[in-house]
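In: here's a sequence, model it:
(one chain, ligands or ions: 1)
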Amino acid sequence: MRRTPLVSAFLLAALTSPAYGWSEQGHRMVAELAQRQLSPEANAEVARLLEGEREPTLAGVSAWADQLRATDPEEGRRTAAWHYINFPEGDCSYDAARDCPGGDCIVEAIERQAELLADRTQPDAERARALKFVVHFVGDVHQPMHAGRRDDRGGNDYQISLRTELRPDAYGRYFYDAETRTQGTNLHAVWDRYVLLSRGLGWAEYADALAAEGVADVPRATPAAWAEQSCALIRDEGLYPDGHRMNDADLERLRPLAEAQVRAAAVRLAAVLEPALAGSAEGRGDVTPH
Ligand SMILES: [Zn+2]
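Out: Sure, this is the predicted structure:
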């Protein structure tokens, strides 16, 4: 069927809606590495809160917040701004009034959801939901383009011509030249998906490989500092390629940076989850007067 310009315009609009974070592969890796760092007590609370989930592990729920767009569009829209923060170009210092109006950004979302998770007066369903948000957002804030530049919406509006042997995703497929293996995509999508994908491992083996490198030695810091560090990576590591062109060699070169971010995210996620989950009401049964 020949596409009419109208249909093309519609598809283009549908396919260029902002990307929402590491691919499921990246989120699963962060979550799995973090879960391995939790105490048995905190792990038991994960299992209790996620009881009834199809896959009751942190990895299993790590992409839930992105899936909301499809499963609960209204909630997906309401929480869309919680997946990222944008900074003005050249300024990576977090200013809540400027960068997080109304508390609708990833920094404040992580703090709010972590508080909800730790609050044992909240119903379990509320805490389970907060757990799923925290697992997802701590991953997202370590994807550099999720703390990117406001002028191009974290690289979403920065077009990239990507020449790679990797298979294009739905967005890339639409602008794909099979002969030269070149796809039209954008810088945000390159970081969400292609940099980690270039390792050629499934998420579980990839998590094993990163776990073998040990627990990352990074400061626990705060969500605002995590966002500032992601922003600084964009500024300092030359993540904007010359001429809007990238290839497999670029993905190789950038991958250690992405892997370091995944490992840092895992440590920090575990540090947020451990106190919020350990010492649950059941665990404290011993000290409750009988
Ligand atoms: Zn996301």
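In: enumerate the residues of the stretch 101-250 of the chain near the ion.
Out: residue 140 (CB under 5 Å from the ion). Quick note: C-beta positions are derived from backbone N, CA and C, even for glycine.
In: which stretches of the stretch 101-250 of the chain form helices?
Out: 106-118, 124-141, 170-174, 187-189, 195-197, 203-211, 223-236, 248-277 (DSSP state H, counting those that start in this stretch).
In: how far out from the middle of the chain is the fourth one?
Out: Translated: helix 187-189. Distance, stretch centre to chain centre, for helix 187-189: 13 Å (CA atoms, centre = their mean, to the nearest Å).
In: re earlier: make a markdown table out of the helices of the stretch 101-250 of the chain and add distance to residue 36.
Out: Compiled in a markdown table, the helices of the stretch 101-250 of the chain are given as follows (distance: least, CB to CB, whole Å):
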| stretch | distance to residue 36 |
| --- | --- |
| helix 106-118 | 19 |
| helix 124-141 | 14 |
| helix 170-174 | 32 |
| helix 187-189 | 29 |
| helix 195-197 | 18 |
| helix 203-211 | 6 |
| helix 223-236 | 20 |
| helix 248-277 | 8 |
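In: reformat these as CSV; add mean neighbour count.
Out: Converted to CSV, the helices of the stretch 101-250 of the chain look like this (neighbours: other CB atoms under 10 Å):
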stretch, mean neighbour count
helix 106-118, 21
helix 124-141, 24
helix 170-174, 16
helix 187-189, 25
helix 195-197, 23
helix 203-211, 17
helix 223-236, 20
helix 248-277, 20
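In: worst average pLDDT in the ones you listed?
Out: Among these, helix 170-174 has the lowest mean pLDDT, at a mean of 74.
In: which other helices and strands contact it?
Out: helix 5-15, strand 182-186 (3 or more CB pairs under 8 Å, 6 or more residues apart in numbering; DSSP states H and E).
In: confidence-wise, which of these is weakest overall?
Out: Among those, helix 5-15 scores lowest, with a mean of 43.
In: pretty sure residue 159 sits against residue 183.
Out: No: counting by CB atoms under 8 Å, residue 159 sits too far from residue 183 to count as a contact (11.0 Å).
In: ok, these two, which is more surrounded?
Out: Set residue 159 next to residue 183 and count neighbours by other CB atoms under 10 Å: residue 183 wins out with 24 against 15.
In: so how far is the host helix or strand of residue 25 from its chain's centroid?
Out: For residue 25, the host element (DSSP states H and E) is helix 24-37. In terms of CA atoms, centre = their mean, the centre of helix 24-37 is found 10 Å from the chain centre.
In: one more: stretch 227-243?
Out: With CA atoms, centre = their mean, you get 17 Å for stretch 227-243.
In: wait, which of the helices of the stretch 101-250 of the chain is closest to residue 60?
Out: Within the helices of the stretch 101-250 of the chain, the stretch nearest residue 60 is helix 124-141; the backing value is 9.7 Å (CB to CB).
In: tell me what the closest one is packed against?
Out: helix 24-37, helix 40-49, helix 58-61, helix 64-71, helix 106-118, helix 223-236, helix 248-277.
In: CSV for these, including distance to residue 97?
Out: Below are these laid out as CSV (distance: least, CB to CB, whole Å):
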stretch, distance to residue 97
helix 24-37, 29
helix 40-49, 34
helix 58-61, 33
helix 64-71, 25
helix 106-118, 12
helix 223-236, 13
helix 248-277, 24
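In: how much space is there between residue 245 and residue 185?
Out: Residue 245 sits at a distance of 11 Å from residue 185 (criterion: CB to CB, to the nearest Å).
In: nope, residue 171 is what I was after
Out: Where residue 185 is concerned, residue 171 sits at a distance of 6 Å (CB to CB).
In: just residue 61 next, same as before
Out: Taking CB to CB, one finds residue 61 at 28 Å from residue 185.
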